[in-house]
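>>> sequence and predicted structure, then a few things I'm wondering about:
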Amino acid sequence: MRRPVALRLSAASAAMALAAAVGVALSMPEASAATGYATQNGGTTGGAGGQRVRATTGTEIHAALCGRAASSTPIIIEVEGTINHGNTAKVSGDSCNTAAGVIELKQISNVTLVGVGSGAVFDQLGIHLRESSNIIIQDVTVRNVKKSGSPTSNGGDAIGMESDVRNVWVDHATLEASGGESEGYDGLFDMKDNTQYVTLSYSTLRNSGRGGLIGSSESDLSNGYVTFHHNLYENIDSRTPLLRGGTAHIYNNHYVSLNESGINSRAGAKARVENNYFEDSKDVLGTFYTDQRGYWQVGGNVFDNVTWSSPGSDNYPAGPNPQSNTTVSIPYSYALDAAACVPDVVSRTAGAGTGLQVSDGNCSTQTPTSSPTAPTSPPTTTPTADPTQPSGTNLSIGAGSDGSSKADGTSYGNVRDGDMGTYWSPAGSTGSVSVKWGSATSVSRVAIREAAGSSGVIGSWRLLNADTGAVLTSGSGAGVITFPQISLKKITFEITGASGTPKVAEFETYAS
């Protein structure tokens, strides 16, 4: 287990006086936009311009991904509450490839996952990116993800990326464990198998054996172009990060209690390490546990109570007087806080729930003037109770259907068969069912009819345009729901609250 630590901000009092003399300001990035290497290769915008969808369970996150018109349709998923194994099921669809027990961002692009309201906590549940691009993960906590023991998720990584991943920005996140490999945990932030153009900013990583890696082995050298800035690494044994091949830019981070080793540059890797504050730690920079050396360019760092081991056949610490042995050119503009004020700046900006505060590049902090992830509220509707037959043709008859889950003995098709004696129920008390057509169909009214004996069970719900993920309206209770006419191929009724197991006998749809 990691030893407890007390965070010491000994340099903060001198920060402002030193900033003007020591700080280097190149240019300030836009506060609400991606920074670092995530700005390269076309940039990282996530779901900007797409529909906003609110999710309170892992299943709802998957349903939002699967409800898009295509795997590249932009979407911003606003997450609130605790996401765990109990509420994260596999959802199927043409625009997604999900799995139970992990938030699966696989073979998709143009997605923002952001914590809102009271915050988003992924409890013992990892976030996995595979064959994906243009992803933003912001203002979330991921904790206690295990690779052994119970429950397990994501190979034990809090956030793991692998197999041709491009352009990812993880910002204002808290990634934490409760021990090391012997307690069942692995890395907090891992990249492997051709993952490139990634930025980790204003985040907290703590209480873990392994901070993270870039490259899974000495032969996995296709990863790189990763920026780490304004992060807090606290009570970590090693890998802050472990870099095998590739290029990393590491600046303005605060490292406290690195117990065995820190930045481990191996197998020809190059790291630019500048204006960081290393405190109460051991072997914070070098090549460790291998004879395949890596390289570094250093400048402006503070080493406060750092100890260094003696060199050996597979141990090449950069200290006690770290010197550059390569040069690393940085292709983007950025601002450097003086290392002396980094503990203070990072303490006010790093991690989830800090109001997305950022550095102003001069040892002070500021709130972004605008945020691409500001939440919006969908319209609400009170359905007409005990619906009578709306006029016109029930468009659900002869259509298709699917959903998030179904209880034993029930079927998605039962909601469109015109028979009140059959019904669909989710596997739990919440879930979604959809009606879909082969071509765009105009709809402005639906009728949700509960099966006999289940009247009043359905509580809160949302009606979604499943082509885009947009919330058409929301409300509570079954009945007739009216909304502005829209043309779509798929419409979803999502139950977000219920007093028991819902039984939807019919999900009727009408043009007017």
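Cool, the structure landed.

>>> buried set for stretch 169-182?
169-177, 179-180 (16 or more other Cβ atoms under 10 Å). The way it works is simple: take the backbone N, C-alpha and C, and place the C-beta from them, glycine included.

>>> ok, so of those residues, who is nearest Ala340?
Comparing those against Ala340 with Cβ to Cβ places His172 closest, at 23.2 Å.

>>> per-residue confidence for that closest one?
pLDDT, His172: 98.

>>> thought it was touching Ala352?
Yes. Taking contacts as Cβ atoms under 8 Å, His172 lies within contact range of Ala352: 5.9 Å.

>>> shared neighbours of these two, anything?
Residues touching both His172 and Ala352 (Cβ atoms under 8 Å, 6 or more residues apart in numbering): Asp139.

>>> model confidence for the residue nearest to Ser455 when sequence neighbours are not counted, exactly?
Using Cβ to Cβ, 6 or more residues apart in numbering and skipping the chain neighbours, the partner closest in space to Ser455 is Ala478 (7.6 Å). Ala478 is assigned a pLDDT of 91 by the prediction.

>>> wait, isn't Ala478 in contact with Glu450?
Yes. Contact criterion Cβ under 8 Å: Ala478 and Glu450 qualify, at 4.8 Å.

>>> more neighbours, these two?
Ala478 (28 against 21; other Cβ atoms under 10 Å).

>>> that one and Gly409: what is the separation?
According to Cβ to Cβ, to the nearest Å, Ala478 and Gly409 sit 21 Å apart.

>>> show me the longest strand that occurs in the protein.
Longest strand of the chain, by residue count under DSSP state E: strand 431-450.

>>> buried set for that one?
Going by neighbour count (16+ other Cβ under 10 Å), the buried part of strand 431-450 is 431-437, 441, 443-450.

>>> partners of it, with directions?
strand 400-403 (antiparallel), strand 479-495 (antiparallel), strand 504-510 (antiparallel) (DSSP bridges).

>>> after that strand, which helix or strand is next?
Using DSSP states H and E, the helix or strand that follows strand 431-450 towards the C-terminus is strand 460-465.

>>> show me how far that following strand is from its chain's centre.
Per Cα atoms, centre = their mean, to the nearest Å, the displacement of strand 460-465 from the mean C-alpha position of its chain is 23 Å.

>>> who are the packing partners of that strand?
With contacts taken as 3 or more Cβ pairs under 8 Å, 6 or more residues apart in numbering; DSSP states H and E, strand 460-465 sits against strand 51-55, strand 431-450, strand 470-476, strand 479-495.

>>> can you flag the weakest of the ones you listed by average pLDDT?
Across those, strand 470-476 has the smallest mean pLDDT, namely a mean of 86.

>>> any idea of the angle that one forms with strand 431-450?
Put simply, strand 470-476 runs at 50 degrees to strand 431-450, going by axes from the mean of the first three to the mean of the last three Cα atoms, to 10 degrees.

>>> buried set for strand 470-476?
So for strand 470-476, counting by 16+ other Cβ under 10 Å, buried means 470-476.

>>> strands along the stretch 51-200 of the chain, start to end?
51-55, 75-83, 103-106, 109-123, 127-130, 133-138, 140-143, 159-162, 165-171, 174-179, 189-192, 195-201 (DSSP state E, counting those that start in this stretch).

>>> these: which one's closest to Asp280?
Judged by Cβ to Cβ, the one of the strands of the stretch 51-200 of the chain that comes nearest to Asp280 is strand 174-179, at 18.6 Å.

>>> CA atoms only for that closest one, dumped as CSV, please.
The C-alpha coordinates for strand 174-179 follow below in CSV (Å, rounded to 0.1, in the frame of the first residue of the first chain):
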residue,chain,number,x,y,z
THR,A,174,-9.0,12.8,-10.7
LEU,A,175,-7.5,9.3,-11.2
GLU,A,176,-6.8,7.4,-8.0
ALA,A,177,-6.3,3.9,-6.6
SER,A,178,-5.9,2.4,-3.1
GLY,A,179,-2.6,0.6,-3.6
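
>>> direction included, what does it pair against?
Strand pairing for strand 174-179, using DSSP bridges, gives strand 140-143 (parallel), strand 204-210 (parallel).

>>> closest one to Ser150 among those strands?
Closest of those to Ser150 is strand 140-143, at 15.8 Å (criterion: Cβ to Cβ).

>>> rewinding a little: tabulate the strands of the stretch 51-200 of the chain (a markdown table), appending distance to Gly294.
Formatted as a markdown table, the strands of the stretch 51-200 of the chain follow (distance: least, Cβ to Cβ, whole Å):
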| stretch | distance to Gly294 |
| --- | --- |
| strand 51-55 | 40 |
| strand 75-83 | 36 |
| strand 103-106 | 29 |
| strand 109-123 | 31 |
| strand 127-130 | 25 |
| strand 133-138 | 27 |
| strand 140-143 | 28 |
| strand 159-162 | 20 |
| strand 165-171 | 22 |
| strand 174-179 | 24 |
| strand 189-192 | 16 |
| strand 195-201 | 18 |
